[in-house]
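# sequence first, then the predicted structure, then my questions.
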Amino acid sequence: LSVPTEVKSLRGEIVLVKEDFDALNLTLKKPLKNQRNGAVGTTKKLTGEGCGFLTVLHYDIVLVNELKYRIFTPLHKMNYIKESLNLKTVNFELVTNEFIKDYFLYYQDSVRATLGYDIDGLVLKVNDSNKVELFDEEGKNPKTQMAWKFENQTGVSTIIGIDWQLKKGNRLSPVAVIEPLELAGVTIQNATLNNPAWIEENGIHIGAEVLVSRRNDVIPSIDAVLKRAGNVDVVYPKTCPECGEPITREDRFLVCNNPKCVAKAISILDEWCTVLEVKDIGLERIRLMHDAGIIQEPKDFYAAKAEEIAPLEKMGMKSAEKILKQFESKKVTMVQFLAGINIDDISIKMAEKIVGAGFDTLDKILDADYDDIAKIDGMGPAKTEQLINGILLRTEIIENLILVGVEITAPAAAASDKLAGLSFCLT
């Protein structure tokens, strides 16, 4: 493959087409169940085994000097990738506004099933590079393109049980156990039920015949009850499935308020790693480290030794060193710190809003007037209470992070306020 040196980036999607999926399965002791998950799993194999069966379908290119190659529109880009570079591309078509809906329905109802690989929608792009340059900002969601998702594929099954799991924070998540259902190439046996209030509002109960979908062809979900099995109420758990402590009902949720709950500790560790973008570590490895007594709270990542972690299952010295090296820097932003201690409803986006509103230290948040925080866009009284109580409940975790040397860096100061309050019209 000869690619011009002026290419800045070439983007594509890795897929496993049906015929290659079948051929790859003939080489495996344990056959893959579906193409999408098979493509992801094969891509992640460090040995490269099976990668020869994968296909890259390209959908974008960025060149240093696109005018030199007479690239003026997104359509020109696709044609350049396909004809000049002789690379495989996703299907593309120039469609006028009045035919967009018809084309979408045609693709959803007729073309989708013939492609040989899974897709869950189309991407619409404005075919005008001037508008792209005018409206799209680097690093932000583009305004001149959008994803248009197909209707979810659905099937009918029966609820045979309800499991309760403690995931992020202190809320228990109900999961429906259903009769096995083949849907979009996947066998579904569990589906999300959101929360107790949602269960009550939708008449969910064991024995009910339900409509099941995969949202965006990924998340199994109960969409509706089709047939009741009598007046059978859901029995809610009285204790936490992880720590065994009593649980309480708070608004729409069942919550575990035990500060020493194992699931809560693991959830905080996972969120800390996620917010800091730590690579080569996931929930499974975090749980192994926690169960071994090596990592109990975020501060332990900064004191752990590779020799302690290396003997754990599927770890090894190389992986252990790679993980811990990412904790050598002890500087974190206030946004990362606030989101990383895993307070319910305080996502990284919410943390950005809080810090952006001037509450850029823990002291400022704790000393602030309650109403001032509640006025922040997206906060309100409930989230404000969660924030303040969450920090207080995590006092020991916060203090231990500071003791091991974690430094919360101040946000960059504005270059100047000379233009503050002024408006400009540029023509």
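Perfect, thanks for sending it. Here the structure is a predicted model, which is why all the values come from computation and not from measurement.
# from here on, contacts and neighbour counts on C-alpha atoms
Will do.
# can you pull out the strands in the stretch 51-200 of the chain?
55-63, 121-125, 145-149, 154-166, 172-183, 186-192 (DSSP state E, counting those that start in this stretch).
# packing partners for the longest one?
Secondary structure elements in contact with strand 154-166, counted by 3 or more C-alpha pairs under 8 Å, 6 or more residues apart in numbering; DSSP states H and E, are strand 172-183, strand 209-215.
# lowest-pLDDT helix or strand in the chain?
Every helix and strand in the chain was compared by mean pLDDT, DSSP states H and E; the lowest is helix 129-135, with a mean of 70.
# most neighbours per residue, which of the helices and strands packed on strand 154-166?
strand 209-215 (a mean of 21; mean count of other C-alpha atoms under 10 Å).
# who's in contact with that strand?
The list of residues contacting strand 209-215 from outside it, by C-alpha atoms under 8 Å, 6 or more residues apart in numbering, reads 152-159, 183, 191, 219-229.
# only C-alpha atoms, please: export that strand in PDB.
What follows is strand 209-215, C-alpha atoms only, in PDB (Å, rounded to 0.1, in the frame of the first residue of the first chain):
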ATOM      1  CA  GLU A 209     -44.200 -12.100  28.200                       C
ATOM      2  CA  VAL A 210     -42.100  -9.100  27.100                       C
ATOM      3  CA  LEU A 211     -40.800  -7.400  24.000                       C
ATOM      4  CA  VAL A 212     -37.000  -7.300  24.000                       C
ATOM      5  CA  SER A 213     -34.700  -5.200  21.900                       C
ATOM      6  CA  ARG A 214     -31.000  -4.400  21.600                       C
ATOM      7  CA  ARG A 215     -30.600  -0.700  21.900                       C
END
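# just checking: what are the partner strands of that strand?
strand 154-166 (antiparallel), strand 219-227 (antiparallel) (DSSP bridges).
# just how off-centre is the last one within its chain?
A distance of 22 Å separates the C-alpha centroid of strand 219-227 from that of its chain, computed with C-alpha atoms, centre = their mean, to the nearest Å.
# report the mean confidence score over that strand.
Across strand 219-227, the average pLDDT comes to 88.
# got it, and the first one?
Here strand 154-166 scores 90 as its mean pLDDT.
# distance between that strand and the chain's centre?
Distance, centroid of strand 154-166 to centroid of chain: 22 Å (C-alpha atoms, centre = their mean).
# buried residues in it?
By neighbour count with 16 or more other C-alpha atoms under 10 Å, strand 154-166 contains the buried residues 154, 156-159, 162-164, 166.
# now the residues you listed in a markdown table, with distance to T47?
Output for the buried residues of strand 154-166, formatted as a markdown table (distance: C-alpha to C-alpha, whole Å):
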| residue | distance to T47 |
| --- | --- |
| T154 | 37 |
| V156 | 40 |
| S157 | 39 |
| T158 | 41 |
| I159 | 41 |
| I162 | 39 |
| D163 | 37 |
| W164 | 37 |
| L166 | 35 |
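# quick one: which of the strands of the stretch 51-200 of the chain is nearest L32?
Of all those, strand 186-192 sits nearest to L32, with 10.5 Å by C-alpha to C-alpha.
# re the thing from before, export the strands of the stretch 51-200 of the chain as CSV, with columns for distance to Y370.
Listed next are the strands of the stretch 51-200 of the chain as CSV, based on distance: least, C-alpha to C-alpha, whole Å:
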stretch, distance to Y370
strand 55-63, 48
strand 121-125, 44
strand 145-149, 39
strand 154-166, 29
strand 172-183, 28
strand 186-192, 35
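# out of the ones you listed, the one nearest Q336 is which?
Nearest of the strands of the stretch 51-200 of the chain to Q336, taken as C-alpha to C-alpha: strand 154-166 at 23.0 Å.
# what sits up against the closest one?
172-183, 205-214, 237, 240-242, 263-264.
# now swap in stretch 26-37 and tell me
15-18, 21, 25, 38, 117-118, 185-186.
# against A197, how distant is R285?
33 Å (C-alpha to C-alpha, to the nearest Å).
# more crowded one of the two?
R285 (17 against 14; other C-alpha atoms under 10 Å).
# mean confidence score for the one helix or strand that one maps to?
Using DSSP states H and E, the element containing R285 is helix 283-291. Across helix 283-291, pLDDT averages out at 90.
# same check, this time on stretch 83-98
92.
# please apply the same query to stretch 371-390.
Mean predicted confidence for stretch 371-390 is 87.
# list the contacts of that stretch.
Looking at what lies outside stretch 371-390 - C-alpha under 8 Å, 6+ apart - the contacts are 343-346, 350, 353-354, 357, 365-366, 370.
# could you rerun that using 6 Å?
By C-alpha atoms under 6 Å, 6 or more residues apart in numbering, the surrounding residues in contact with stretch 371-390 are I343.
# low-confidence ranges in this structure?
Residues of the chain that meet the criterion pLDDT under 70 lie in 1-4, 132-141, 167-169, 184-185, 216-217, 231, 411-416, 427.
# 50 - rerun?
For the chain, applying pLDDT under 50 flags no range at all.
# from D128, how far out is D102?
D102 is 22 Å from D128, where distance means C-alpha to C-alpha.
# just V62 next, same as before
15 Å.
# picking that back up, in helices, which of the contacts of stretch 26-37 fall?
18, 21, 25, 38 (DSSP state H).
# list buried residues within these.
Buried among the ones in helices among the contacts of stretch 26-37 (16+ other C-alpha under 10 Å): 21, 38.
# how close does N152 sit to I268?
33 Å.
# ok, those two, which is more surrounded?
A count of neighbours by other C-alpha under 10 Å puts I268 above the other of N152 and I268, at 22 against 16.
# and the one helix or strand that one maps to, what does it pack against?
I268 belongs to helix 262-275 when assigned by DSSP H and E. Judged by 3 or more C-alpha pairs under 6 Å, 6 or more residues apart in numbering; DSSP states H and E, the packing partners of helix 262-275 are helix 334-340.
# all good on my end, thank you.
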